[in-house]
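J.: Predicted model follows, preceded by the sequence.
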Amino acid sequence: MTAETVIGAVPAKAEFRTCQYTGLKVDVAAQKLIIANAVAAVVFLAIGGLMGLLVALTRWPAVHLLPADWFYLILTGHGANVLLFWIIFFEIAVLYFASAVLLNSRLAAPKLGWLAFVLMIVGALATNVAVLQGDSSVMFTSYPPMKAQPHFYLGLILFAVGALIGCILFFATLVIAKEEGTYEGSIPLVTFGALTAAIIAIFTIASGAIILIPTWLWSLGFISDIDPLMYKVVWWGMGHSSQQINVSAHVSLWYLTAALLVGAKPLSEKVSRVAFFMYILFLQLASAHHLLAEPGMDASWKIVNTSYMMYLAVMGSMVHGLTVPGAIEAAQRRNGFNRGMFEWLRKAPWGHPAFSGMFLSLVFFGFIGGISGVVLGTEQLNVLMHNTIYVPGHFHGTVVAGTTLAFMGATYIVLPLIFQREIVWPKLAKIQPYVFGIGAAGISLFMMGAGTLGVARRHWDMTFSDASLGFAHSAGAFLMMGLNGVFAVLAAIGGIIFVLVVVGTALFGQKITSGHKLTFPLFSGGGAIASHYGSEKSPKLPGTIVLVSIFFVCFVLYYFINWKYLSELWLFR
Amino acid sequence: MAVTPPERRIWWNEPIERVELVWIVIAFLWGLFMFVFMIAWHFIGQQNLSKEAYRIQPSAYEAKVDEFAKKNQVREEAGIPVVKAKPGGDVYLLGRLWQWWPILELEKGQSYRIHLSSIDWQHGFSLQPTNINIQVHPGLEHVISLTPTQSGEFGIVCNEFCGIGHHTMTGKIYVTEPKKAEAEQRLAEGDKR
Ligand code: HEM
Ligand SMILES: [Cu+2]
Ligand SMILES: [Cu+2]
């Protein structure tokens, strides 16, 4: 019995081509699905990113673009389109790539892949229609008792079912590849990382189903009541773990990019794999750190679930934070850039947008998203910034400057290898990761700054001009929100360049023929490294040691600064 | 190119690089420290969120707040009662679309049992510019022992999205200097001169 008979599909005869740059055998059906999902992802990024710009311009006090009702509508649309639709469509593409392509295998049941795709598109459209109709401005978290239109929830459910099918195809493809012996030994590290992501996705989607289906029935009137606190506990079982999917996915892409562009091998396969595995083991109740400011939660419950469950996942990320730059340093030194502490870094392919995207993503994710996340998720410190705009600041550091930038970088590899088109406007492509990355890092930092000064998230008017009791924020808070607006424009320009380059390449890029020399070349032999396993042999890594030391010092300082802030608050217990 | 033979090593038996090992140990110890520090703050710190909470019907909570306000009202501002609570006593604050009700008057250095609940949707109690942020649910009465350490006028903002009037939802807390301490401080300043 093959894997396909298990999931009820007829095994198909696959058609393959061989990639001239990596030597990988590419299933044409998988390639089509990767292209479709990546294109859908970019379309939703374009829509959602534009909405993000409108939101940021409204929160820029001097501009205050949208009226209040539109602001809340667009903000709901922004969260759904970027956090769910852009990210997850791209992740499905990553899953197909990491299974079928990296393992030289055919994709299980491509027809089901198309079914998944259609379900996801229909779901995303239904939710968008509900949002744009105006009766569903409930934010993508949709906390009850606030109620949206039924098709808002139904859209999310259909989207999740589609994503679930995508994950199942990924697992089935792994089984097929094993059965048909398309690879030897263990699966490569990138596929292993994708496997982590897919396993977490199953847990995530189950949590989502448990909470969204009853909420949908409630919006239809079949259920009379949804407990708001219970909703949050389960909803964040989806909401938080899905962030762990993003992390697993973008860390996998860091390894992939490092392998393809400088020939980097993991320092030790074992360490990197265990670090991925920690994401699975220690994330389940990490939803607790979204409930630190809720009434009636026990302190020991909070501490156990935020730290025992979370700091070990943090440790996983800290390990990748060493092994990814370490792998690059080792490879670069092997490539001959061995002088001094940092020649390996200076002479890295900074002009290749996949590399700059990947490396900036690594730095921003660690320094901005990672550190702020731990602080925000600390039981007592949470009171300092719960629901302030610090929170969006934190997760624009993780999911925009981290995940989105990593996905953008990877796209510059996918375009020539999978779309088989030469990248148009290479000069624009070259600067794009910098423009977007600096913009995204800027909005993260300035939103964090404004939140530290007390500015609320999801809030139309920080001047409180229509409130019966006025309150005046400090001048510093206004300045932060203004700077946030400026960097939002920068991020938006970076986003627009990205969309233009992808669409331009997909439509007008020169078709890549045999013998074509890529504008943004790969490291020769990188494909073999990405698609096999094997550790680096006893490297010397002085540069990486300096980098992680700086990181650690920042981490510790920032952590204690926040305890200092906390100790200056009114007393409460 | 990909035809280079795979390195047939068994990855789970490979030795770990020393740099990696050191970093893993540092990361682990740091995680452990952060874990212990949260527990320690319950003993050494003065800012720990209370877990005292009761289920209550929103209408019952509303009645309690009304009664509290009627009994202790000292004046009115913008049509909202300003309520001065007994030090050490219970203080009730209500979140609803779209106001924090009533206005409170507290004394610096005194501890109060602040009750927080909503009668409709979720709201976010956000005391500014102090920056204390607590989630408020309908149907749950959260009790917090709060001691103001500064005097002056403080705003309460709503920072949980609660519909189209969310950004108009505000409240106020006045914190007065304690009378006796004030006198003492004046005396102390006089001594210096
Ligand atoms: C041009 C790029 C972007 C800009 C300028 C931008 C800006 C913003 C701003 C100003 C907010 C509102 C904060 C508030 O009022 O609460 C926000 C919210 C948010 N953004 Fe972005 N963003 C961008 C891209 C992204 C991307 C790529 C993602 C996800 C991958 C993302 C995810 C979110 C989420 C989840 C929220 C929260 C929505 C909510 O509170 O319901 N953003 N963004
Ligand atoms: Cu409110
Ligand atoms: Cu509100």
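T.: Sure thing, it's come through. Ligands and ions are numbered 1, 2, ... in the order given.
J.: List the residues that contact the residue most central in space within chain A.
T.: Centroid-nearest residue in chain A, with Cα atoms, centre = their mean: A:Thr403, separated by 3.3 Å. By Cβ atoms under 8 Å, 6 or more residues apart in numbering or on different chains, A:Thr403 lies in contact with A:Ile87, A:Asn246, A:Val247, A:Ala249, A:His250, A:Ser361, A:Phe365. Using the backbone N, CA and C atoms, a C-beta is placed for each residue, glycine as well.
J.: for A:Gly237, same thing?
T.: The contact partners of A:Gly237, by Cβ under 8 Å, 6+ apart, come to A:Phe203, A:Thr204, A:Ser207, A:Ile210, A:Ile211, A:Gln284, A:Ser287.
J.: show me where pLDDT drops low in the chain?
T.: Picked chain A for this. Chain A contains residues with pLDDT under 70 at A:1-12, A:283-286, A:307-310, A:538.
J.: I was after chain B.
T.: Along chain B, segments meeting pLDDT under 70 span B:1-13, B:180-193.
J.: residue boundaries of the strands in it?
T.: Taking DSSP state E, the strands of chain B run over residues B:53-55, B:73-77, B:80-84, B:90-96, B:99-101, B:103-107, B:112-118, B:123-128, B:132-136, B:140-147, B:152-158, B:170-176.
J.: if we take the contacts of A:Thr403, which one ends up nearest to ligand 1?
T.: Taking Cβ to the nearest ligand atom as the measure, ligand 1 sits nearest to A:Ile87 out of the contacts of A:Thr403, at 5.3 Å.
J.: Run a quick neighbour tally on the closest one.
T.: Look at A:Ile87: counted by other Cβ atoms under 10 Å in any protein chain shown, it has 24 neighbours.
J.: Chain neighbours aside, what residue packs nearest to it?
T.: Of all residues not flanking A:Ile87 in the chain, A:Asn246 sits nearest, at 6.0 Å (Cβ to Cβ, 6 or more residues apart in numbering or on different chains).
J.: Tell me the backbone dihedrals of the one you found, please.
T.: The phi/psi pair for A:Asn246 (degrees, to the nearest 10) reads phi -60, psi -40.
J.: Does it touch A:Ile88 like I think?
T.: No. If you go by Cβ atoms under 8 Å, A:Asn246 and A:Ile88 don't touch, sitting 9.1 Å apart.
J.: hmm, back to that, is there a quick PyMOL command that grabs whichever of the contacts of A:Gly237 are buried?
T.: Restricted to buried positions by 16 or more other Cβ atoms under 10 Å in any protein chain shown, the PyMOL selection for the contacts of A:Gly237 reads:
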select buried, chain A and resi 203+204+207+211+284+287
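J.: any idea which of the contacts of A:Gly237 is closest to chain B?
T.: A:Ser287 (14.3 Å; Cβ to the nearest Cβ).
J.: and that closest one, what is it in contact with?
T.: Contacts were defined as Cβ under 8 Å, 6+ apart; by that measure A:Ser287 touches A:Val233, A:Trp235, A:Trp236, A:Gly237, A:Gly239, A:His240, A:Ser241, A:Asn305.
J.: quick one: it and ligand 3, what's the gap?
T.: Relative to ligand 3, A:Ser287 is positioned 22 Å away (Cβ to the ion, to the nearest Å).
J.: Pretty sure that residue sits in a helix.
T.: Yes. Checked against DSSP: H, G, I helix; E, B strand; the rest coil, A:Ser287 lies within a helix.
J.: how far away is it from A:Thr398?
T.: According to Cβ to Cβ, to the nearest Å, A:Ser287 stands 16 Å off from A:Thr398.
J.: Likewise for A:Ser524?
T.: Distance, A:Ser524 to A:Thr398, using Cβ to Cβ: 34 Å.
J.: which of these two has more neighbours?
T.: Each of A:Ser524 and A:Thr398 has its neighbours counted (other Cβ under 10 Å); A:Thr398 has more, 24 against 11.
J.: The more buried one belongs to a helix, doesn't it?
T.: Yes. With the criterion set as three-state DSSP, the secondary structure at A:Thr398 is a helix.
J.: On the three-state scheme, A:Leu267 is what?
T.: Of the three states, A:Leu267 takes coil under three-state DSSP.
J.: measure it to ligand 1 for me?
T.: In this view, A:Leu267 and ligand 1 are 29 Å apart by Cβ to the nearest ligand atom, to the nearest Å.
J.: Can you get me a residue count around B:Met38?
T.: By other Cβ under 10 Å, the residues close to B:Met38 number 20.
J.: give the contact list for it.
T.: B:Met38 sits next to A:Ile303, A:Thr306, A:Ser307, A:Thr378, A:Glu379, A:Gln380 when contact means Cβ under 8 Å, 6+ apart.
J.: ok, which residues in chain A are in contact with ligand 1?
T.: With the criterion set to Cβ under 6 Å from any ligand atom, chain A comes near ligand 1 through A:49, A:52-53, A:55-56, A:59, A:75, A:78-79, A:82-83, A:86-87, A:139-140, A:389, A:392, A:396, A:399-400, A:404, A:443, A:457-458, A:488, A:491-492, A:495.
J.: who's in contact with stretch A:346-353?
T.: So stretch A:346-353 is in contact with A:261-262, A:328, A:332, A:337, A:355-356, A:359, A:408-409, A:412, A:429-430, A:432-433, A:520-521, going by Cβ under 8 Å, 6+ apart.
J.: give me that answer again for 6 Å
T.: Contact with stretch A:346-353 is made by A:Leu261, A:Phe337, A:Phe355, A:Ser356, A:Tyr412, A:Ala429, A:Lys430, A:Gln432, A:Pro433, A:Phe520, as judged by Cβ atoms under 6 Å, 6 or more residues apart in numbering or on different chains.
J.: Look at that stretch and report the distance between its end residues.
T.: Start-to-end span of stretch A:346-353 (Cα to Cα, to the nearest Å) is 15 Å.
J.: Of the contacts of A:Gly237, which belong to helices?
T.: Among those, DSSP state H puts A:Phe203, A:Thr204, A:Ser207, A:Ile210, A:Ile211 in helices.
J.: could I get the strands of chain B as a markdown table with mean neighbour count and distance to A:Lys147?
T.: Rendered in a markdown table, the data for these read as follows (neighbours: other Cβ atoms under 10 Å in any protein chain shown; distance: least, Cβ to Cβ, whole Å):
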| stretch | mean neighbour count | distance to A:Lys147 |
| --- | --- | --- |
| strand B:53-55 | 14 | 22 |
| strand B:73-77 | 12 | 34 |
| strand B:80-84 | 19 | 29 |
| strand B:90-96 | 22 | 17 |
| strand B:99-101 | 22 | 22 |
| strand B:103-107 | 23 | 31 |
| strand B:112-118 | 23 | 16 |
| strand B:123-128 | 26 | 16 |
| strand B:132-136 | 26 | 19 |
| strand B:140-147 | 20 | 19 |
| strand B:152-158 | 21 | 19 |
| strand B:170-176 | 21 | 25 |
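J.: Which elements pack onto the host helix or strand of A:Phe44?
T.: Taking DSSP states H and E as the criterion, A:Phe44 maps to helix A:28-59. Contacts defined by 3 or more Cβ pairs under 6 Å, 6 or more residues apart in numbering or on different chains; DSSP states H and E place helix A:28-59 against helix A:68-78, helix A:87-96, helix A:110-133, helix A:475-508.
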